[in-house]
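1. Generate coordinates for the sequence data below:
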Amino acid sequence: MTPDTVGPLSRLVDVMRIPPRGQDVRVEATAEECAALARDFGLPGIQSLTGDYHLKTSAKGIQVTGTVKAAITQVCVMTLDSFDSTLEEEVEVDFAEPSGMPAEPPTDINEYEPPDEIVNGQIDLGALTAEFLALGLDPYPRKPGVDFSFQDASDGKDSPFAALSKLKESK
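-> You can find the predicted model right below:
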C-alpha cells in the first residue's frame, strides 16, 4: 500500500505513537467517503461505515483487532429491488515492517497469513475498514423473504420442448 493507492477512505496512524498499553481508534466514514465507496463497490448506497479497533504493539509489529460495521443498500439478484441491510465483520490483522517479515512461509501454507506491510511508519485504518467492508459484502444479495424456488420441468408442461411434443402427438 503506497500513498498513491489509497482509496477514498484513509485514516493514517503513526505506529511509533502507539502507547505500550495499546490504543483504541474509531474510523467513521463521512457522507462523501460513503458515497465514493458505494460507487467503487457498485452499491446503491452506504448510509454509515465505522471501524472500531484496538491497536497493540507486539514483537512482530502491530496487531489490530476490532469490528467493521456498515448500513448499506444493495440490489437483490432475484427481484432487482433495492433493500437495506447491515454488515458486521470481525477484524484481526497483523502489520509488520517489510524488514521484519519472514522470508518464506511456514511449511503448512494453509495456516500462513503474512502480515500487512507498515508503509513509511504508518498503517491505514481507513483502507482496512474499506477492505473488510468489501470482504463482508454478499456477492449475490437477496432481499429478506425472497427465496429461489426451482420449477421442476419434468412434467413437460413448461418445457421448451413442449411445443415440439405437441407436433409429434398430432402426427
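2. which secondary element of this protein has the worst mean pLDDT?
-> Comparing helices and strands within the chain by mean pLDDT, DSSP states H and E singles out helix 162-170 as the least confident, with a mean of 69.
3. Secondary structure class of the closest residue to V77 other than its chain neighbours, three-state.
-> Once its chain neighbours are removed from consideration, V77 has its nearest residue in Y140; the separation is 4.8 Å (C-beta to C-beta, 6 or more residues apart in numbering). Bear in mind the C-beta positions are built from the backbone N, C-alpha and C, glycine included. Judged by DSSP: H, G, I helix; E, B strand; the rest coil, the three-state class of Y140 is coil.
4. Distance of Y140 relative to T73?
-> Y140 sits at a distance of 16 Å from T73 (criterion: C-beta to C-beta, to the nearest Å).
5. Compare those two and say which one has the larger neighbour count.
-> T73 (15 against 9; other C-beta atoms under 10 Å).
6. List the buried residues in the helix or strand hosting the more buried one.
-> Element membership of T73, judged by DSSP states H and E, is strand 62-75. Across strand 62-75, burial judged by 16 or more other C-beta atoms under 10 Å covers 62-64, 66, 68-70, 72, 74.
7. pLDDT averaged over it, what's the number?
-> In this model, strand 62-75 has an average pLDDT of 96.
8. strand partners of it, parallel vs antiparallel please.
-> Strand 62-75 sits in its sheet next to strand 45-57 (antiparallel), strand 82-96 (antiparallel), going by DSSP bridges.
9. most packed of the ones you listed?
-> strand 45-57 (a mean of 18; mean count of other C-beta atoms under 10 Å).
10. Restricting the selection to alpha carbons, write that one to CSV.
-> Output in CSV follows, covering the C-alpha atoms of strand 45-57 (Å, rounded to 0.1, in the frame of the first residue of the first chain):
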residue,chain,number,x,y,z
GLY,A,45,-25.7,3.5,-1.1
ILE,A,46,-23.8,3.3,2.1
GLN,A,47,-25.6,5.1,4.9
SER,A,48,-22.8,4.5,7.5
LEU,A,49,-19.5,2.8,7.9
THR,A,50,-17.4,2.6,11.1
GLY,A,51,-14.4,0.6,12.3
ASP,A,52,-13.7,0.3,16.0
TYR,A,53,-10.1,-1.0,16.5
HIS,A,54,-7.6,-1.8,19.3
LEU,A,55,-4.0,-1.4,18.2
LYS,A,56,-1.4,-3.2,20.2
THR,A,57,2.4,-3.5,19.7
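11. Good, we can wrap up now.
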